[in-house]
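Undergrad: With the input below, show me the fold.
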Amino acid sequence: MTTLPTLFEQIKAGIPVFWKNPNLLPTPAFSFTVQNVQDAEARLKRFAPWIAQRFPETAAANGIIESPLSDISPMTAPLTQKDGTAIHSRLLLKRDDSLPISGSVKARGGIYAVLKHTENLLSHTGLLSQSDDYRKIALPPIRDFLSGKKLAVGSTGNLGLSIGIIGAALGYQTSVYISREAREWKKQLLREKGVRVVEEKDYEAAVAAGRAESAADPDSFFIDDERSADLYLGYAVAAARLKKQLDAARISVDQHHPLYVMLPCGVGGGPGGITFGLKLIFGRAVHCYFAEPVQAPCMLLAMVIMYSLGGGIVNVFLTLTLVNWANVARVVRAQTLQLKNSEFVEAARVIGVSRDRIMRRHILPNCLPTLLVLFTLNIPASILTESSLSFLGLGIQPPNASWGLMINTGRQYLYNAPWLCFAPGAAIMLIVLAFNFLGNGLLDVLDPRQKKQ
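TA: Now for the predicted structure:
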C-alpha cells in the first residue's frame, strides 16, 4: 500500500491514487432498513401511471424510471493490456446516463424526493390516498393546489435539472439555484419548462441562497443535495432494481461470487445512498469503491487524515475543519464580493470611510446572516460525518463517547433493548432541530431583510 506521505503528495499534485481503508469495519450500522427502501420503491410504483402519462419516454417501462445494465466484457482485453493485470471477472456498466427524463443518476434521488413531498402534501390535505389512481394528479383540483406551492434546490446542474423538470410537470413554482459553471443548455431547458433559474457564483453560494430564500417562505420546500434522507432513499432504490437485473441475467452475488462496484463520487449523497442500498441487499458480498475527481478528493482526504492522526475528539474536529473550511470560505467570499459592489459601500468610499471601517460596519454585519446559516447547517452535518467516520473505524473510538458509536453498539440489542439505539438517535434528531431553530431565530434578529418580512 502507498505510504501516507507519498499519498498526500500524490493528492496534492492531482495524481490518481488508490487507497483502501485498513480500519474498515465489516458490519456498519445503518439509520434506515430494508423496509425503508421497499417503501420508497412502492411509492415510485404508485406514481408510475402518472409518470407514464406525463413522460411518454417512460411508457414502455410502465412509468418506471430505470437504466439498462450493459455487458462491457469486450473492454477486458484493452484494460488488461493497459494495466498489465489480467481481468477474469465479467464487466458490467449501469447506464444511468440513459435514465429517462433527465439522463443522470441524480434523477433517482431528485425525482423521488419531489414525489414523496408531493404525496405527503396531498395526503395531508385529503386530495390523494395511496389506493387512488395517481393519474388524478394531472386533474385541476390537485394541479391548482400544487401551483400555490414552491420547490427550491441548489445544484451544479444535474440535480437541479431533475427536480426542475419533475417539479414543473407537477405544477409547482420551481426555483433552481445553479452555479454559473453549469452547462448553458441545462439552464435553457429548465427555463423552457417554466422553471425559475437563479445563477450563483458557485455550488456553495447556490445552496446557501436557495436555503435562505426557502426558509423565509412557509410554502417553499428546499431539497438539500447533501442532507436529505429522501434523496438518499431514492438513490438506494437503485440497488433493488440492480438486483432484479442481475437475477434476470442469472448472475449470482454471494460470498463466492462477490460484486465489485465503482461509483463516481462528486457532490451530494448519490454514491452513499447507492452503497447503502447495495450493502442492505448484498451484505458483505458487495464491495463498493468511490471514485472522486482528483481536483476535489474530499472523502478520501477526510479518511486519510483520520487514519494518519488516529481517533480522538481533537483529531475529529481537526479533520472536519481541514475538509470543510474551504466551503465556508467560498460562500463568504462570494457574499463579500457582492457587498463590495453594493451602493451603500460605494457611498461610504465616496465620503472617505476607511477600508477597515467599511469592513467592520458594512461588510461583516451583512455577512453574519450567511455565516449563521452555514454554522447551523454545518454543525449537524459535522455530527453525521463524525458518525460515518466512526462506523468506518476512523472516528471517535471507545472509551470516548459518540452518539454514532452508541447506536452502533446498541444495534446488536435492538430487539431486547431498543432504547439503546433510540435514545442517541433521538438526541441526534433533537440537536439538528435545535441548531436549525437557533439559526432561524438569530437570522430573524440580525438580518434587516427578515425584520421587514
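Undergrad: pLDDT score for His362?
TA: Per-residue confidence (pLDDT) for His362: 86.
Undergrad: ah, wrong one, I meant Ala29
TA: Confidence score, pLDDT, at Ala29: 54.
Undergrad: tell me the strands in the stretch 251-400 of the chain, going along the chain?
TA: 259-264, 286-291 (DSSP state E, counting those that start in this stretch).
Undergrad: and Ser382, which of those is closest to it?
TA: strand 286-291 (19.7 Å; CB to CB). Every residue, glycine included, has its C-beta placed from N, CA and C.
Undergrad: Ser102 should be in a helix, yeah?
TA: No. Secondary structure of Ser102 (DSSP: H, G, I helix; E, B strand; the rest coil): coil, not part of a helix.
Undergrad: In which helix or strand does the closest residue in space to it that isn't next to it in sequence reside?
TA: Take Ser102 and drop its neighbours on the chain: the residue closest to it by CB to CB, 6 or more residues apart in numbering is Ser162, 4.3 Å away. Using DSSP states H and E, Ser162 sits within helix 158-170.
Undergrad: what does that helix contact?
TA: 54-55, 101-102, 104-107, 109-111, 113-115, 118, 137, 143, 146, 151, 153-155, 174, 176-178, 182, 186, 189-190, 193-195, 197, 223, 225, 268 (CB atoms under 8 Å, 6 or more residues apart in numbering).
Undergrad: In the stretch 251-400 of the chain, where is pLDDT below threshold?
TA: Scanning the stretch 251-400 of the chain for pLDDT under 70 picks out the ranges 266-268, 306-312, 322-323, 377, 380-381, 384, 387-395, 397-399.
Undergrad: picking that back up, including distance to Arg349 and mean neighbour count, could the strands of the stretch 251-400 of the chain go into CSV?
TA: Below are the strands of the stretch 251-400 of the chain laid out as CSV (distance: least, CB to CB, whole Å; neighbours: other CB atoms under 10 Å):
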stretch, distance to Arg349, mean neighbour count
strand 259-264, 46, 15
strand 286-291, 48, 16
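Undergrad: count of neighbours near the residue nearest to Ser102?
TA: 31 (other CB atoms under 10 Å).
Undergrad: Tell me the spacing between Arg361 and Val373.
TA: 22 Å (CB to CB, to the nearest Å).
Undergrad: Those two - which one has more neighbours?
TA: Using other CB under 10 Å, the more surrounded residue of Arg361 and Val373 is Val373, with 23 against 12.
Undergrad: returning to what we had before: now the element after the helix holding Ser162, going C-ward?
TA: As the chain continues past helix 158-170, the following element, by DSSP H and E, is strand 173-179.
Undergrad: got the angle between the helix or strand following that next one and helix 158-170?
TA: Scanning forward in sequence from strand 173-179 by DSSP H and E, the next helix or strand is helix 184-192. Here helix 184-192 points in a direction 20 degrees away from that of helix 158-170 (axes from the mean of the first three to the mean of the last three CA atoms, to 10 degrees).
Undergrad: If you count contacts, what does the helix or strand just after helix 184-192 end up packed against?
TA: Using DSSP H and E, the helix or strand that follows helix 184-192 towards the C-terminus is strand 196-200. Packing partners of strand 196-200 (3 or more CB pairs under 8 Å, 6 or more residues apart in numbering; DSSP states H and E): strand 173-179, helix 184-192, helix 203-215.
Undergrad: C-alpha coordinates for stretch 32-39, CSV please?
TA: This file holds the C-alpha atoms of stretch 32-39, laid out as CSV (Å, rounded to 0.1, in the frame of the first residue of the first chain):
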residue,chain,number,x,y,z
PHE,A,32,-32.5,3.0,7.7
THR,A,33,-33.7,-0.5,7.0
VAL,A,34,-34.7,-2.7,4.1
GLN,A,35,-38.3,-1.7,4.8
ASN,A,36,-37.5,2.0,4.2
VAL,A,37,-36.1,1.1,0.8
GLN,A,38,-39.1,-1.1,0.0
ASP,A,39,-41.4,1.7,1.0
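Undergrad: Buried residues in it, which are they?
TA: 32, 36-37 (16 or more other CB atoms under 10 Å).
Undergrad: and what of stretch 198-211?
TA: For stretch 198-211, burial by neighbour count (16+ other CB under 10 Å) applies to 200-211.
Undergrad: who touches that stretch?
TA: By CB under 8 Å, 6+ apart, stretch 198-211 touches 152-156, 175-181, 187, 222, 224-226, 267, 327-328, 330-331, 334-335, 337, 370, 373-374, 377.
Undergrad: again, 6 Å this time
TA: Contacts to stretch 198-211, defined as CB atoms under 6 Å, 6 or more residues apart in numbering, come from residues 152, 154, 156, 177-180, 222, 327, 330-331, 334.
Undergrad: what does stretch 243-260 give?
TA: 69, 281-282, 285-287.
Undergrad: Please indicate which of the contacts of helix 158-170 are buried?
TA: 54-55, 101-102, 104-107, 109-111, 113-115, 118, 137, 146, 151, 153-155, 174, 176-178, 182, 186, 189-190, 193, 195, 197, 223, 225, 268.
Undergrad: Neighbours of Cys214, how many?
TA: You called it Cys, but residue 214 is Ser. When neighbours are defined as other CB under 10 Å, Ser214 has 22 of them.
Undergrad: how much space is there between it and Ala152?
TA: In terms of CB to CB, Ser214 sits 4 Å off from Ala152.
Undergrad: any shared contact partners between these two?
TA: Common neighbours of Ser214 and Ala152 are listed as 220, 222 (criterion: CB under 6 Å, 6+ apart).
Undergrad: Would you mind measuring from Ala107 to Phe276?
TA: From Ala107 to Phe276 the distance is 18 Å (CB to CB).
Undergrad: Sorry, wrong one. I was asking about Glu204.
TA: The value you get for Glu204 to Phe276, if CB to CB is used, is 25 Å.
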